[in-house]
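Undergrad: Generate coordinates for the sequence data below:
(chains A and B)
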Amino acid sequence: MSSALARRGSKTAATACKHHPNRNYFSHSFYRRDVLSPHQNIRDMSLLWLLTAAACSSSSPTRLFACRTALSMTTTAIQQRRTFRAKSEQLASASRSMAMMDDTSSLLTDSTCTTTTTTTTTTREKSLSNKKFHPRRIGKGCDLDELFQYLIESSHQLGRERVFKSLRTALYNASGYRVESAWRIYQQMIHHKVTDLMGANNYGHLLNILKYGTDPTTTISRMLNVLDDLRIQQESQHQKISLMHYSQVLFAMGRMGDSKGACALIQEIKTQGHVPLPSQFTSLAIATRNDKFYDATQEAAELMMEAMNKDQVVLENDACVTMVSLLSRQRSQGQRQQQMTVENNGIDRTVKFLEAVEYVRNKEDVDDTPTTTTTKSQYNVHVYTSLISGLAQKGDATNAKRLYDKMRQQGLKPTIATRTALIEAYGRAGDFDAALKLLNRKHHNSMVTSVLTNAIRHNKWDVAEMLAAPWMKKLESAKIDDKLRAALMWVKVKSDLDDARTFFDTLYQKDASYVNTVMVNHLVTGSGNQRSNEKVKEAYGLHPLTGKSPSLFSQHLLVDALFKCRDVPAALTAFMSMRRQGIPDDITLAMVIRGLIMNDEDTIAWNVFRALKKDGVQPNLWAYTSMLKAYAKSHSTTGINKQLVDVWPELHRAVTGRHATVESIMEKEKNKEKVEEEAPVLMPIIKNPSQAYLLFRELTGFQTPNEYTYTTLIACFSKHSLARATDVFSHMCASGVKPTVQTYTAMLQACSIFRSARGALLIFRHMRDQQVAPNSATWHYLLKALVRARVDKSRIDQIGNMAREAMGSNDNDKNNKSKRKKPL
DNA sequence: GTAGGGTTAG
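TA: Predicted structure coming up:
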């Protein structure tokens, strides 16, 4: 109700707002029917314990990134804010000077009342107008064009005070809460240079209308313009920007998803010596959630934690729920330019956030009367659902289930969303018995989607088939939503690509809304796996049918598919086109490195890799490992495709993002020669294991190598030095990274090359002790090592028999597996 | 009505 009143601009609402104890009338909860008491907020120590345990069990060793420090992040934010403000100011002054240049008539939309009217206006008419546009008479039905015309003609007689009063009344009574009207009235105030007469409340009212604008760019920039004007007034001590003004802008930023702007504004509030309001943090949380272009989760969380820990700010429940949801699903590593933090894990960060929430809640209890005797959980079902879902994404079904049980103990009833989150946890962990058991009662779209996609991920074709079959018949029914339909398409793509492709057409013909982007992506990926670049390109061409242009993610899949088809020029062309539209993430960059190396374009890969680092982009672990793979290759590939040499300068620009953004274009214009000097040179890759080792040392400065990285490094050494390969192997075991069958095989390969029977048998025993099952390659290199080391023939035969025996049963396994793998 | 389920890398 309050929001409706406020929107109508009713005086009652305004007064009610003014007298609200916290003057917190932009609070999101204020607009809600069920305003939660602060005590209903998060407060439950035992849950925190549980989560901390989950974080400890799942957290991997620290992955550090040499990036900006917290301090420089803040500075950058301020600088960005300044640039943005400067741009807004330019915009404002441009619009102002335009208004000045144009005279009276051009400011009016109604061209009928122009100069002719001015000359023929009689004294009587004037006095009529005087009456009509008297501040007291300006009401709802007032014609703004007429009013503006009148004011321009009579401003000299009326005096600026009177002009201002008329416009002010118009703002309150005639704008009708229409954004455009309010903005035009404000522009008139600027034109008549009367904004200095505006009171803080007038500014507040204006902002209150503007915040409901529909266009993100105009809405925010207009509001920032108003704020800038207010700031100028503040400097001449006319006005003071209050928290409510900031709240209005933050509210709009929340709606529009301008997370960078919201962070910067919160910082500004702090610099002004205020403590931001809880509702302002809620706006920040909403802005972070709604921002599709920038992930400010970490920055926002830190601002909130600081406020809680230092200023005892009690966050609103909405902000908590939103932040918990965002934090718990943060990717644990590999984000480019990520801030250096110890808590790189989503759950760690969530725990840290909740600790701050607990801290301030407990503090509040002590300050208040300590009457809270209830042990009942103060978390609501949404917080639990977010947390369960966060654990689910990490495949931590054990803790997800514990949390779910705990929630039930607290007497909270799980909803469909909660059960879906738990099903997702089981599915990710590969526990399909548990997932199906939960699904048993009612097959809801979201639950089926979850189990289905996880079954595909885990190659559980029996589960996928069983689940998909009944839905396949009604694929065209409206009862199936987008996500489920896409999951069913995925099943089809995996079982029969051509059939899936035909089916896409059938669906589209039935109803264009039945097809979506994800389906096209599945078709592109499926075609890539079939190594058919014609099919890839054809499938990619389906994107327009979904009514959406391909996102960066869709383009990522295209590039990957083209690399799989060994069409390097096409893949690189697609990648460069992708770069022109946005900044590829670390996964895309690693995929490009990998694609090049898989296609034996080692030199180009090496140069892309160098260019990234030189540009300050930290390649992630996957990129490093792919690069290492070039050194581990048995065949030498140093030649470069001529076509790629020609494409290199452009590729270099695409990788580093030189003059692709507005800023860099400006930079280039400013400093033309400097950019042109930088003709990128293709450096040859020097393939010796010491170089590989240097690369490995370098990556350990940023990330923790995993079993794949170690194995690749061992493979680099296996042809050169058994001692060094063994060193890496020992280092791997000492670091707690478990060798895989591939690791042991690489070691055995080294033993065979260096004719070490003793080494081979030691490695083989180690493998047995670790209960790792050998594969045919393992047996092959073990035997080869023994043969080359001239071990006693009877001994070799003995092991050869063991190998045949083991492989015989393995073959059976394989056959069974492939039988099982045959889908639908 | 908030929270949940769809497509990325050996």
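Undergrad: which non-adjacent residue is nearest the single nearest residue of the stretch 201-350 of chain A relative to DNA strand B?
TA: Nearest to DNA strand B in the stretch 201-350 of chain A, going by CB to the nearest atom of the strand, is A:S325, at a distance of 4.1 Å. (Each C-beta comes from the backbone N, C-alpha and C, glycine too.) In space, and not counting its chain neighbours, A:S325 is closest to A:S386: 3.9 Å by CB to CB, 6 or more residues apart in numbering.
Undergrad: check which helix or strand covers the one you found.
TA: In this structure, A:S386 sits in helix A:381-393 according to DSSP states H and E.
Undergrad: do the helix or strand following that helix and DNA strand B meet at all?
TA: Downstream of helix A:381-393, the next assigned helix or strand under DSSP H and E is helix A:397-409. No. Figure legend: helix A:397-409 not in contact with DNA strand B (CB under 7 Å from any atom of the strand); closest approach 10.7 Å.
Undergrad: And helix A:397-409, what's buried?
TA: A:397-404, A:406-407 (16 or more other CB atoms under 10 Å).
Undergrad: Next: stretch A:548-557.
TA: When neighbours are counted by 16+ other CB under 10 Å, the buried residues of stretch A:548-557 are found to be A:550-551, A:554-557.
Undergrad: Just give the nearest non-adjacent residue to the residue of the stretch 401-550 of chain A found nearest DNA strand B, would you?
TA: Nearest residue of the stretch 401-550 of chain A to DNA strand B, counting by CB to the nearest atom of the strand: A:S446, 2.7 Å away. Among residues not flanking A:S446 along the chain, A:T420 sits closest, at 4.5 Å (CB to CB, 6+ apart).
Undergrad: What about the one you found, how many residues nearby?
TA: 25 (other CB atoms under 10 Å).
Undergrad: right, and A:C565 touches A:K537 too?
TA: No. When contacts are counted by CB atoms under 8 Å, A:C565 is not listed as touching A:K537 (9.3 Å).
Undergrad: who has more neighbours, these two?
TA: With neighbours defined as other CB under 10 Å, A:C565 and A:K537 compare such that A:C565 has more, 21 against 18.
Undergrad: wait, what's in contact with that one?
TA: A:528, A:531-533, A:536 (CB atoms under 8 Å, 6 or more residues apart in numbering).
Undergrad: which one of those residues is nearest A:F504?
TA: Distance to A:F504 across the contacts of A:C565 (CB to CB) is lowest for A:V536, with 14.5 Å.
Undergrad: How about A:F164, nearest residue that isn't a chain neighbour?
TA: Leaving out its chain neighbours, the residue that sits closest to A:F164 by CB to CB, 6+ apart is A:V194, at 3.9 Å.
Undergrad: separation between the one you found and A:A570?
TA: Computed as CB to CB, to the nearest Å, the A:V194 to A:A570 distance reads 62 Å.
Undergrad: repeat for A:L151
TA: Relative to A:A570, A:L151 is positioned 63 Å away (CB to CB).
Undergrad: likewise A:Q703?
TA: Distance from A:Q703 to A:A570, counting by CB to CB: 31 Å.
Undergrad: the more surrounded of these two?
TA: Remark: of A:Q703 and A:A570, A:Q703 carries more neighbours, 24 against 18, as counted by other CB under 10 Å.
Undergrad: Now do the helix holding A:S386 and helix A:397-409, the angle between them.
TA: Interaxial angle of helix A:381-393 relative to helix A:397-409 (axes from the mean of the first three to the mean of the last three CA atoms, to 10 degrees): 170 degrees.
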